Structures are given as C-alpha cells and as structure tokens.
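S.K.: fold the stuff below for me.
(2 chains)
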Amino acid sequence: MNILDKIKSDDFLLSVGFELPPAALHKVLSRTSECAELVDAYKSGVLTDTTLRSFVQQLLKNFRPAEKFPYDITLALLAVSVESFSSRFAEEFIRDLSQLDLAELTSCIKVAKLCLAGRERLAKNEYRQFIFPSPPNNNYREVHRVPETVKDSHFENKYSDLVTA
Amino acid sequence: MFEFVKLIGSPHKELHLDTRKGSPIRNEVALPPTDLTRRREQLLIRNFGTNWEHRCRPCGVYNCAGLTWASRRTSIPEDAEWIKILGEDGYRKLSNAENPLVGDLAIYHSEGVGFLHVGQVVQIERGLTAQSPPIHKILSKWDSSSGEYIHLPHEVPFKESFSDYRLEYWTDREA
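M.R.: Model prediction:
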C-alpha cells in the first residue's frame, strides 16, 4: 500500500487512538512509522508538491459542513511530516491550515499552529551587512560601494524566500 | 489550498468562560461523534478499557477539561488554558503525604510534552490490606467525541504511547 493510501486508511486513523491535547498529538504523530515514511518519500522526491497538493484536495472532497472531518488526523500527520521542509507546499500548507477556524477540523489546525511555531524556531540564514566609514580615497568607495555613514542592516531569510542584500 | 472548506465550513462555537480571576478561557463546543470516532472508541475499549465502568455514551460538546472545568458545556483543548485555570482558580498540587479526596483532580502529564489528560476523583475504596493505600477511581472523558468512563488511575489509553506519563493529584482545598 502506498504511504498516502496508508495514512488515510481506517487502520491508521484508528491506530492513533484518541484526540490528545495538541502538543501530545504532535509528539505521537511525529513518532509514527507513517511520519518517517512520509518524510523519506518527500525528501527523496517520490512524493512531490503536486502529489501532496492533489492528495489534500482529494481528502477535502470528504469535507461535510457541521460534521467532524474524517481525515483530521491525516492532515495533522501531513503537517508534522513536512514541518521541517522548506518547500513551497510545506510553507503554504502549514500556514493556510493554521489560519483556519473551523469546527469540523479539530486537531489538525492546532497541530499546524505548533508546526508553524516549530518552523519559526528552525535555523535561518542571516545576512548582516556592516557598512564602515568611507576611506579617504573616494575611488575606493565607488568601487566597493561603501556608503558614507555607519549603518547596520539586518536581513533575514526565511526558508526559500531568498533576500538579496 | 483550503478556500473551499473555508466557504462551506462552520466557525468554532465558543462559550463565554472565565477563570475565577476573570481571564477568558479559550474553548470550543465540539461537534458530535462520527462513525469513525465511535469505531475508534470501541478499539480503545478493547485495548485498554476492559475494566472501565461506562458512565455515558460517546457524545460531542466537551472533552476531559470541559468535563472537569466547564460542566460538560464545551471543550478546552489547549493545555495553556489548563495551566491558566490551575493558576487562577486556586488549585495546588497535593504533596505525597496528602491523600486525594473525591472531587480532586487527577492530572496526567509527560515530560517534554505537557498535559495529556485531566480527570476527576469520584470514588475512593479501601486498599486490599489495612496497610495498602486507598484505591482511587477517576471519571474521564478521553476526548471530545468519547463517552465517560470510571477507571483506575493507571488504566489510561496513553500508557503505551507515553510510557513516561506521570499522575499528579491537584485540589482546590486549602493546605
């Protein structure tokens, strides 16, 4: 059985047991073999952004208003699995899910909020530009574009959105 | 990605709920259980709850914290709110020398994860011998779609997934 079929199967949904508080559920899901399989498949390119996007769309076809969404745990697992990836899908999926306010989705929204917070804590690239007073030789300043005043600019690069100084 | 469900879904229903000090408690009234959650519950009972005493059938609306602190009217899913309630409603942790009484809280937590569950002591029975400690029975609702059960403190469904879980008794009684 392919991993995406596995994580929407009754066997998987029943194996999670019951709805724990969000932090505990995040922990339980991150320890599952299905999470490890998803991470491997995504890392190796077996699962692409397009595949995952259409998988989510397929799941959401089962959404019924005023009824608990049956694949709530599947979405939560997906959020946990892609949490540490810097792909466009991961960013969009976790951010969009965490911003929802729907009674039908009980656990996955809260887990996505934790994943979003986790992503904020991930290592980031930092660019710091030190600009020193210009040397007496103006030519030097022109060649190296050193401004006249001392400034300290700070650039942050979150995930794939590269900021060029 | 979720535009469609945003259009047809219903926002969380929240009740006005405050701590004794007046801080608002985030909560949400849960939807009724589905076939899947009912089957999940049957599996839970088969695996962990053969000795559980059934108090009421699976229902939505409230979870364990809602049972304990909101009179079965809503769910309080986030453990940050639990910490707020314990702090602002005058609860204290019982020391090892103190025995829990009926009405005290049984709070389960795990190192590095936080709270797992809260239940209420509803029954205290004598130990097997004169020297053995009393046996406490806890009233629990495992999640917002389960039923209510009375169980022994260690008969919990997360004992395998969180084998390091710890049980603390809390009370609002004065020391």
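S.K.: pLDDT below threshold where in chain A?
M.R.: Along chain A, segments meeting pLDDT under 70 span A:1, A:123-126, A:134-165.
S.K.: show me what from it comes close to chain B.
M.R.: Within reach of chain B by CB under 8 Å from any CB of the partner chain, chain A has these residues: A:10, A:13-14, A:16-24, A:27-28, A:31, A:53, A:56-57, A:60, A:63, A:65-68, A:70, A:92-93, A:96-97, A:100-106, A:110. C-betas here are computed from N, CA, C, even on glycine.
S.K.: if any of those residues are buried, put those into a ChimeraX selection.
M.R.: Selecting only the buried entries of the residues of chain A next to chain B in ChimeraX, with 16 or more other CB atoms under 10 Å in any protein chain shown as the criterion:
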select /A:13,14,16,17,18,19,20,21,22,23,24,27,28,56,60,63,68,70,93,97,100,102,103,104,105,106,110
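S.K.: ranges for the helices of chain A?
M.R.: Taking DSSP state H as the test, the helices found in chain A are A:3-6, A:10-15, A:22-30, A:33-44, A:49-60, A:72-82, A:88-98, A:107-121, A:138-144.
S.K.: which one is residue 19 nearest to, not counting chain neighbours?
M.R.: I'll assume chain A. Leaving aside its chain neighbours, A:Glu19 sits nearest to B:Asp143 (3.7 Å; criterion: CB to CB, 6 or more residues apart in numbering or on different chains).
S.K.: not quite, I wanted chain B
M.R.: With CB to CB, 6+ apart as the criterion, B:Thr19 has its nearest non-adjacent residue at 3.7 Å, and that residue is B:Glu88.
S.K.: same check on A:Ala23?
M.R.: B:Gly114 is the one closest to A:Ala23 (CB to CB, 6+ apart), at 4.8 Å.
S.K.: any idea which helix or strand of chain B has the worst average confidence?
M.R.: Lowest on mean pLDDT, DSSP states H and E among the helices and strands of chain B sits helix B:35-48, with a mean of 89.
S.K.: which helices and strands does it pack with?
M.R.: Counting contacts by 3 or more CB pairs under 8 Å, 6 or more residues apart in numbering or on different chains; DSSP states H and E, helix B:35-48 is packed against helix A:10-15.
S.K.: who touches the helix it packs on?
M.R.: A:Lys6, A:Glu34, A:Pro70, A:Tyr71, A:Ile73, A:Thr74, B:Leu36, B:Arg39, B:Arg40, B:Leu43 (CB atoms under 8 Å, 6 or more residues apart in numbering or on different chains).
S.K.: just give me how far it sits from the chain centre.
M.R.: 24 Å (CA atoms, centre = their mean, to the nearest Å).
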